[in-house]
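>>> compute the structure for the input listed below.
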Amino acid sequence: MGIVIALIIFGLIVTVHEFGHFICAKLSGINVLEFSVGMGPKIIQKKKGETMYSLRALPVGGYCAMEGEDSDTEDERSFRKAKLWKRMIVLAAGAFMNFVLGFVLLIGMVCMMDKVPTNKISGFSGVRNEDGTVTYYADSYKSGLEHGDVIKKIDGTRVFSVLDLNYIFTMKASNDDGTRSVTVKRDGKTVSFTSVKFKDNYPGSTDEIDFGLERLDKNPLTVVKGSGDIFLSMSHIVGLSLKQLATGKVEKEEVSGPVGVVSEINEVAKESEDKKDALFNLLYISALITINVGIFNLLPVPGLDGGRLLFCLIELVRRKPVKPEHEGYVHLAGMFLLFGIMIFATYNDIARIITGG
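Predicted coordinates:
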């Protein structure tokens, strides 16, 4: 069942991505030769106007084939003969649609919550005494944080939502003594602390997060705002993860590919308490994947949309395009590199499944 769900998710994400390229190419007057959902052998194929529409057997990809993408052609409506700004919009549209899909999925997820989470502190670990006073067990309160503080940064990492907080607290503290630097918004002013200790000292507790966050009642404004904050957090975390990967801070054994994603989706489906919980978790992981796909595709790597956008920027500076055959060679090399990374990631995924790691 998990594999079926994963294929549906992958199919939706790729179709939405390619539809972004397709609709912008059509609106720009570019000749679209084929719009395909899926890869491999054709199941259904129908031509409407100048475009062939295909449904293929393997729901793991898709494509929008435009006239003259990688070669010169006499067709005045070819991709390379379109105005530069139109080509850039077409190339960026795939990732944009991934972001739109991610935001819509997050709205659905937030609507399933009882209340909308924020990053505003609403209380600290503690108990109220009989005389009305409060005994606090939260080290962060003793370090200077207060009720109503809106957390903006911890250890230099921007905080958009509770997702960032969860990510940050999985990382080692920036200071050798285990304290963290914190920036908050307090009464409209920015206040910074250089050594905040986070620990819940309530008897029996082992939590590092020793504060609570304000949660708002749901209405259209809070749902959209909360979804936007989570979207920014996911984008931020994906960016940080890619940076760690590029700088070698992620072990090669931790690199994961499609098989790992399918395995993760399968685990999410199995571990969910009920159908509502399963749907919530699938919305979360689907939003994370589509945002990841959007950001990854914008990287300036040959073979990706970002690599093609880079050549558009070079053309903008040079005032003339790079020869299509030269650009094609670069993208081909990039594709070989990406396939190599995909094969390596898939090997890691299979090795983890076999070893139970």
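>>> any chance you could map the helices in the chain?
Taking DSSP state H, the helices of the chain run over residues 2-27, 84-111, 139-142, 162-168, 220-246, 258-271, 275-297, 305-318, 324-355.
>>> least confident secondary structure element in the protein?
None of the helices or strands of the chain scores lower by mean pLDDT, DSSP states H and E than helix 258-271, at a mean of 62.
>>> tell me where the model's unsure across this structure.
Along the chain, segments meeting pLDDT under 70 span 1-2, 248-273, 341-342, 344-357.
>>> excluding its backbone neighbours, what's nearest residue 17?
residue 94 (4.3 Å; C-beta to C-beta, 6 or more residues apart in numbering). All C-beta atoms are positioned from the backbone trio N, CA, C, and that covers glycine.
>>> that neighbour and residue 87, how far apart?
13 Å (C-beta to C-beta, to the nearest Å).
>>> swap in residue 72?
14 Å.
>>> circling back: I'd like the helices of the chain written out as CSV, with distance to residue 132 added.
Conversion of these to CSV gives the following (distance: least, C-beta to C-beta, whole Å):
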stretch, distance to residue 132
helix 2-27, 52
helix 84-111, 36
helix 139-142, 17
helix 162-168, 30
helix 220-246, 32
helix 258-271, 43
helix 275-297, 39
helix 305-318, 59
helix 324-355, 54
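>>> minimum distance to residue 192: which of those helices has it?
helix 139-142 (14.3 Å; C-beta to C-beta).
>>> please identify the buried residues of the closest one?
139-141 (16 or more other C-beta atoms under 10 Å).
>>> same question for stretch 162-170.
162-165, 167-168.
>>> return the member of these nearest to residue 49.
Once C-beta to C-beta is applied, the member of the buried residues of stretch 162-170 that ends up nearest residue 49 is residue 163, at 44.2 Å.
>>> burial of the nearest residue to the closest one once chain neighbours are set aside, as a residue count?
The shortest distance from residue 163 to any non-neighbouring residue, by C-beta to C-beta, 6+ apart, is to residue 233 (3.9 Å). Residue 233 is flanked by 23 other residues according to other C-beta atoms under 10 Å.
>>> could you shift the numbering so residue one becomes 698, and keep it that way?
Shifting the count to begin at 698 puts that one at residue 930.
>>> how far away is the residue nearest to residue 812 when sequence neighbours are not counted from residue 788?
Counting by C-beta to C-beta, 6+ apart, residue 912 is the residue found nearest to residue 812 once chain neighbours are left out, at 3.6 Å. Distance of residue 912 to residue 788, computed by C-beta to C-beta: 40 Å.
>>> between those two, which is the more surrounded one?
residue 788 (25 against 17).
>>> my read: the more buried one touches residue 1007, true?
No - judged on C-beta atoms under 8 Å, residue 788 makes no contact with residue 1007 at a distance of 9.9 Å.
>>> right, and the helices of the chain - which one's nearest residue 903?
Nearest to residue 903 among the helices of the chain is helix 836-839; the distance by C-beta to C-beta comes to 13.1 Å.
>>> just the C-alphas of the closest one, formatted as CSV.
Extracted in CSV, the C-alpha atoms of helix 836-839 (Å, rounded to 0.1, in the frame of the first residue of the first chain):
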residue,chain,number,x,y,z
ASP,A,836,16.2,27.0,32.5
SER,A,837,15.3,29.2,29.6
TYR,A,838,13.1,31.3,31.8
LYS,A,839,15.9,31.6,34.3
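>>> good, we can wrap up now.
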